[in-house]
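*Asks:* Predicted model and sequence follow; I will ask about them next.
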Amino acid sequence: MKFKSIFITGGAGYVGSRLVPQLLKKGYKVTVYDILYYTNNYLPNDNKDLKIIEGDIRDSHKLESACANHDVFLNLACISNDASFELDEKLSKSVNFDSFEPMVVAAKKSGIKRFIYASSSSVYGLSSEKNVTEDHPLVPLTLYNKFKGLCEPQLLNNTSKNFEGVIFRPATVCGYAPRQRFDLSVNILTSHAINKKEITVFGGKQLRPNLHIKDYCDAVEVLIDSPTEKIKNEIFNIGYQNMSIADISLCVKKVVEEEFKEFSEIPIKTVESNDNRSYHINSDKIFNSLGFRPKLSIEDAVRELCVEFKKNSFKDPLNNELYFNIKRMKNIQAK
């Protein structure tokens, strides 16, 4: 194991709540630096190799001190998804963009050896290309996508012999995590199928690349472990299935009906939508370069969520603000 200590901003969120236990299990020492909008109740707080710091990435002095004596810096922190971003654009820009280069500089000053940036596959915007690879032009449709893309060169422009940078552009994440989200397409449709006994599809033709959360975590491990010459200043798409929202809903319907045989047939209702976000990605590069290929499907994610619903893992899944980023940010008046 080349690196031993990982510093994760935003590590108390949806992805972090599944990634942090996985890294700890592999023997890494992990520090989570998080503003804790969603509490820290979803991390293994009693693990001696985990340190949790309540902190704001906009405070670059505190950040620089906190990330000293770590090998790898993983930036997951952001105001996540378009709706949450648009709730307060000034706040979102300050977190997602204005703070980014100072954060990179702080990490570099503190002696971090490798900086891993979680960008987004949505940076490509609309494209008629059958294979959207990493060199495809970035034509973002929203401010969230725009600032995700604008941060990328800020990292690459600051790398050096002793400070490596690597960027990954993950697809929309799906599946179960201790800090669950029900504002992501596969997860929403599954929750509605189980709790409302119906699925509503807005539009349906839009293509969305998806990535099981376990594959996301495994990909991060690969980016931590890979040799410098294979990852330095590289950008990798990470996705698995590019499916239309309509086809995702049919997959959800099939799995939920199989898992909950007591349900009668779950109807699918289609509603017109002005949401034209439609994109698909090719993820061959990370396989050809690093040997990583996602293993889990949308069906696997839905089935995993069904298991958790049967275990009553979710408290008031249709209304609990902790499952919905925008509701939570409104209620706590995030600043």
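*Replies:* Alright, I've got the coordinates. Keep in mind that what you see is a predicted model, and the values were worked out from it rather than measured.
*Asks:* Let me see the ranges of the helices in the stretch 101-250 of the chain.
*Replies:* Secondary structure of the stretch 101-250 of the chain (DSSP state H, counting those that start in this stretch): helices at 143-156, 185-195, 213-225, 228-231, 245-259.
*Asks:* buried sites along the longest one?
*Replies:* When you say that, I think you mean helix 245-259. 245, 247-253, 255-256, 259 (16 or more other CB atoms under 10 Å). Bear in mind the C-beta positions are built from the backbone N, C-alpha and C, glycine included.
*Asks:* ok, now the fourth one?
*Replies:* Within helix 228-231, the residues that qualify as buried by neighbour count (16+ other CB under 10 Å) are residue 231.
*Asks:* How far away from the center of its chain is it?
*Replies:* The chain centre lies 23 Å from the centre of helix 228-231; the measure is CA atoms, centre = their mean, to the nearest Å.
*Asks:* who's in contact with that helix?
*Replies:* Contact partners of helix 228-231, identified using CB atoms under 8 Å, 6 or more residues apart in numbering, comprise 114, 164, 166, 223, 289-290.
*Asks:* The last one now?
*Replies:* Residues external to helix 245-259 that are found in contact with it (CB under 8 Å, 6+ apart): 185-186, 189-190, 193-194, 199, 201-206, 208, 210, 243, 263, 265-266, 268, 270, 298-299, 302-303, 306-307, 310.
*Asks:* how many other residues sit next to residue 293?
*Replies:* 15 (other CB atoms under 10 Å).
*Asks:* can you tell me the helix or strand for the nearest residue to it once chain neighbours are set aside?
*Replies:* Among residues not flanking residue 293 along the chain, residue 287 sits closest, at 4.7 Å (CB to CB, 6 or more residues apart in numbering). Following DSSP states H and E, one finds residue 287 within helix 284-290.
*Asks:* Okay, buried residues for that helix please.
*Replies:* Those would be 285-286, 290, for helix 284-290 by 16+ other CB under 10 Å.
*Asks:* Let me see the mean pLDDT of it.
*Replies:* Mean pLDDT, computed over helix 284-290, is 98.
*Asks:* Now do it: everything it contacts.
*Replies:* Contacts of helix 284-290 (CB under 8 Å, 6+ apart): 133-134, 168, 219, 222-223, 226, 230-231, 234, 236-238, 292-293.
*Asks:* out of the residues you listed, who has the most neighbours?
*Replies:* residue 238 (27 neighbours).
*Asks:* partners of the nearest residue in space to residue 224 that is not next to it in sequence in the sheet?
*Replies:* Of all residues not flanking residue 224 in the chain, residue 72 sits nearest, at 5.5 Å (CB to CB, 6+ apart). Counting by DSSP bridges, residue 72 forms beta bridges with residue 6, residue 114.
*Asks:* so residue 72 sits right up against residue 5, yeah?
*Replies:* Yes. Between residue 72 and residue 5 there is a contact at 7.2 Å, judged by CB atoms under 8 Å.
*Asks:* So for the lowest-mean-pLDDT helix or strand in the chain, what gets flagged as buried?
*Replies:* Lowest by mean pLDDT, DSSP states H and E among the helices and strands of the chain is helix 82-87, with a mean of 76. By 16+ other CB under 10 Å, the buried positions in helix 82-87 come out as 82, 84-85.
*Asks:* Can you name every helix or strand that that helix contacts?
*Replies:* helix 89-93, helix 143-156, helix 325-331 (3 or more CB pairs under 8 Å, 6 or more residues apart in numbering; DSSP states H and E).
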